[in-house]
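1. take this sequence and fold it.
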Amino acid sequence: MTNNKSGLSEIVKSVCCWIEGFIFLFGCYIVLFGHLTPGGGFAGGVIMAASFILIMLSFGKERVDLLFPWTRSTLVESFGALLFIGVAWLGIYYGGGFFANFLHQKFGGTPFTFLSGGTIPISNVAIALKVMAGLFLVFYVLSTHKVILDEDISKTEKDK
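-> A predicted model of the protein is given here:
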């Protein structure tokens, strides 16, 4: 199933298999209900990124490259930014102002229900995609790219 040479012990991998989905699902819950409860796009995005970071710490770079490679991460991050700015511009067209909550103005909704937020849940999803992919990419780059300082030090010593 897994390569024993990469990642951590089998116990850590087994526990990770059980909880990675729950962590990601909890992040989705925080994002979708962020307009009703404490949370939102940023908090949910950080939690969802933590699930991918847990996978990378437990199993190594190879498993994350299968699930969420950096090329897909950059596409998800770009899509989140485009969705966020698209909702803002649609507010000008339909609501009369930048980032106007045009869905709430048009359809209303019962307060404190899931559909009462208008464009806010859509904005939360966009922010979550941006934060999740961006935070994961920062961790991915910092953990997979090595900077070799010994060569740089030896080159500067030779120049002296």
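2. drop to CA atoms for contacts and neighbour counts, all remaining ones
-> OK.
3. burial of the residue lying closest to residue 95 once chain neighbours are set aside, as a residue count?
-> Closest residue to residue 95 apart from its sequence neighbours, by CA to CA, 6 or more residues apart in numbering: residue 102 at 4.7 Å. Residues lying near residue 102 (other CA atoms under 10 Å) number 21.
4. ok, residue 102 touching residue 117?
-> No: using CA atoms under 8 Å, residue 102 is not in contact with residue 117, being 10.3 Å away.
5. overlap of the contact sets of the two?
-> Counting by CA atoms under 8 Å, 6 or more residues apart in numbering, residue 102 and residue 117 have no shared contacts at all.
6. re earlier: from residue 81, how far off is the residue nearest to residue 95?
-> For residue 102, the distance to residue 81 (CA to CA, to the nearest Å) stands at 19 Å.
7. then residue 13?
-> To residue 81, residue 13 is 33 Å away according to CA to CA.
8. again with residue 114
-> Counting by CA to CA, the gap from residue 114 to residue 81 is 23 Å.
9. now do residue 35
-> From residue 35 to residue 81 the distance is 19 Å (CA to CA).
10. then residue 121?
-> Separation of residue 121 from residue 81 (CA to CA) stands at 15 Å.
11. and the two? Which one has more around it.
-> It is residue 121, of residue 121 and residue 81, that has more neighbours when counted by other CA under 10 Å, with 21 against 18.
12. mean confidence score for the host helix or strand of that one?
-> Using DSSP states H and E, residue 121 sits in helix 120-144. Taken as a whole, helix 120-144 has a mean pLDDT of 94.
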